[in-house]
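# Just need the structure, nothing else, for what follows:
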Amino acid sequence: MDSSDWLKKAKEEQERFAGLSTTAPATAKNMTGLANDKRTEQDTLITNCEQRDEQLTEWEANFIQSIREKFDAGFFLSDKQLAVLDKIWVKVTDAQPRISRKG
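Residues are numbered from 1 along each chain as shown. From the prediction side, this is the model:
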């Protein structure tokens with residue numbers, strides 16, 4: 001499946017779930033905020049890597065492009081994707097790992 005097929009399927013899934021009720025227990029509001037914080041951090045890490053593309057190998061550049069497309073389509077990154085993203089981010093920023101693997 002190429003990226004255009006993948007994005008088409010992602011949009012179809014979003015449309016399919018758009019009509020579902022979003023009523024949830026009050027405690028879910030806290031979880032939504034936490035999820036948004038994680039997405040913001042992940043977006044920052046992806047952006048940092050994109051801005052330093054001259055330091056990326058071809059494979060790393062393709063990986064960052066791939067997860068950017070999935071992320072922008074609204075999908076959450078898997079634990080494995082997060083681990084690779086974090087490793088690449090540390091390489092290009094010469095910093096300590098930022099993504100928490102728990103919770």
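# ok, and for stretch 58-65, which residues are buried?
Neighbour-count burial for stretch 58-65 flags 60-61, 63-64 (criterion: 16 or more other CB atoms under 10 Å). Every residue, glycine included, has its C-beta placed from N, CA and C.
# Pick out whichever of these sits closest to Lys87.
Glu60 (9.2 Å; CB to CB).
# ok, for the closest one, nearest residue in space, not its chain neighbours?
Ile88 (5.3 Å; CB to CB, 6 or more residues apart in numbering).
# How many residues are close by the one you found?
Number of residues near Ile88 (other CB atoms under 10 Å) recorded here: 24.
# My understanding was that it contacts Trp59; is that so?
No: between Ile88 and Trp59 there is no contact under CB atoms under 8 Å: 9.8 Å.
# give me phi/psi at Asp86?
Here is the backbone geometry of Asp86 (degrees, to the nearest 10): phi -60, psi -40.
# Quantify the burial of it by counting its neighbouring residues.
18.
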